[in-house]
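Trainee: Provided below for reference: sequence and predicted model.
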Amino acid sequence: MLQHGYDYAPILATSQRIAWRIDDIIGGEKKLDFTKPFMPESLARVEPLKFLDRDEKLVLNHIRANGYLYIFGLVEEFILPFVMDHARKNLSGNDARARAMLQFANEEAKHIDLFHRFAREFEEGFGTRCDVIGPAEEIGKAVLAHDPLSVGLLILHIEWMTQRHYIDSVKDNKTLCPQFASLLKHHWMEEAQHAKLDTLMVEAMAASYSPEAIGKAFEGYMSLGGLFDGGLKQQVEFDIAAFVAATGRRLKDAERAEMAAQQHQAQRWTYLGSGMSHPNFLASVGALSTEARKKFEEVAPSFS
């Protein structure tokens with residue numbers, strides 16, 4: 001049994017205390033500053049592209065930031081119905097649990113709205129169309145077709161990934177656009193509670209699984225990782241096309257190939273490696289299967 005000390009009542013109390021409104025953090029005078037980077041370099045990884053000048057690296061950073069919040073919105077499109085289904089099955093017996101899960105769902109719906117608002121403001125300020133993978137509905141269907149525990153593990157991965165990104169790369173970073181950093185901060189504040197709720201949700205789901213079924217659920221989780229890896233590769237192609245359109249830069253074949261390979265690996269760390277290797281995610285995995293934890297620890301470096 002994983003020793004974490006999480007409980008529904010205090011999680012709910014914290015969620016209610018830190019709650020924020022979309023109109024308080026975006027819109028009006030709260031605008032994006034396109035003279036500054038949006039994404040931390042540890043995630044954007046634009047500096048290794050030595051053939052780009054400073055302005056071009058900033059453009060690529062902004063494109064990555066647009067895709068970053070879009071992909072968060074995309075995954076929350078399937079997290080929302082998944083959490084609602086889980087909450088529906090647990091509406092009796094534990095009032096704090098039911099209310100915490102419903103709060104979770106409500107916050108995910110709010111985040112989707114927030115990211116849609118950001119996308120509109122970004123497009124207006126950036127001035128160049130940036131295509132993104134999707135549609136979200138189709139990706140959501142593909143994800144939710146997997147075993148529920150596989151999906152629960154993926155969601156747990158995403159929640160701890162979010163925590164790592166903000167704490168390690170954004171929280172004390174004074175070089176970023178203040179408005180973008182604020183959006184990430186407010187998202188992180190609520191996702192910190194979701195990571196705890198997801199931990200409890202995965203534990204509750206796994207309790208009814210046999211060891212063999214748990215093993216298959218881990219296989220499903222890895223399959224979902226492969227699904228997203230393919231999507232990230234496509235997103236890189238979209239990002240490069242947007243970069244060329246925004247800068248007018250004609251990339252040589254070798255430069256384009258280098259950018260594609262380097263940015264795909266950056267995306268893989270951002271969405272796959274940073275979540276799979278998070279200590280709290282690995283702790284939950286290890287509580288279910290020491291063999292699975294060992295495998296994930298071996299695989300994670302390939303996404304670094």
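Mentor: Thanks, I have it.
Trainee: burial measure for His264, as a count.
Mentor: Per other C-beta atoms under 10 Å, the neighbour tally for His264 reads 17. For every residue, glycine as well, the C-beta is placed using N, CA and C.
Trainee: next secondary structure after the helix or strand Gly226 falls within?
Mentor: Taking DSSP states H and E as the criterion, Gly226 maps to helix 211-247. Toward the C-terminus, helix 211-247 is succeeded by helix 253-268 as the next helix or strand (DSSP H and E).
Trainee: show the average pLDDT along that next one.
Mentor: Averaged across helix 253-268, the pLDDT comes to 98.
Trainee: in that helix, which residues are buried?
Mentor: Along helix 253-268, these residues count as buried under the neighbour rule (16 or more other C-beta atoms under 10 Å): Glu255, Glu258, Met259, Ala260, Gln263, His264, Gln265, Ala266, Gln267, Arg268.
Trainee: for stretch 73-92, same thing?
Mentor: For stretch 73-92, by 16+ other C-beta under 10 Å, it's 73-80, 82-84, 86-87.
Trainee: same thing with stretch 129-143?
Mentor: Buried residues in stretch 129-143, counted by 16+ other C-beta under 10 Å: Cys130, Val132, Ile133, Gly134, Ala136, Ile139, Gly140, Val143.
Trainee: repeat for stretch 50-58
Mentor: For stretch 50-58, burial by neighbour count (16+ other C-beta under 10 Å) applies to Leu52, Glu56, Lys57, Leu58.
Trainee: tell me the one of these nearest Leu149?
Mentor: Lys57 (41.1 Å; C-beta to C-beta).
Trainee: what about the helices in the stretch 1-150 of the chain?
Mentor: All helices of the stretch 1-150 of the chain, identified by DSSP state H, counting those that start in this stretch, fall at 8-18, 22-25, 41-44, 54-88, 95-126, 136-144, 148-165.
Trainee: how about Ile167, nearest residue that isn't a chain neighbour?
Mentor: Spatial nearest neighbour of Ile167, excluding adjacent residues (C-beta to C-beta, 6 or more residues apart in numbering): Trp188 at 7.8 Å.
Trainee: and the helix or strand encompassing Gln193, what does it pack onto?
Mentor: Using DSSP H and E, Gln193 sits in helix 178-206. Under the contact criterion of 3 or more C-beta pairs under 8 Å, 6 or more residues apart in numbering; DSSP states H and E, helix 178-206 touches helix 8-18, helix 22-25, helix 54-88, helix 95-126, helix 148-165, helix 279-288.
Trainee: deepest in the core, which of those helices is it.
Mentor: Comparing those by mean neighbour count (mean count of other C-beta atoms under 10 Å), helix 148-165 ranks first with a mean of 23.
Trainee: tell me which strands and helices that helix is in contact with?
Mentor: Helices and strands touching helix 148-165, by 3+ C-beta pairs under 8 Å, 6+ apart, are helix 54-88, helix 136-144, helix 178-206, helix 211-247, helix 274-276, helix 279-288.
Trainee: got those helices as TSV, with mean pLDDT columns?
Mentor: Output for the helices and strands packed on helix 148-165, formatted as TSV (pLDDT from 0 to 100):
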stretch	mean pLDDT
helix 54-88	95
helix 136-144	96
helix 178-206	97
helix 211-247	97
helix 274-276	97
helix 279-288	97
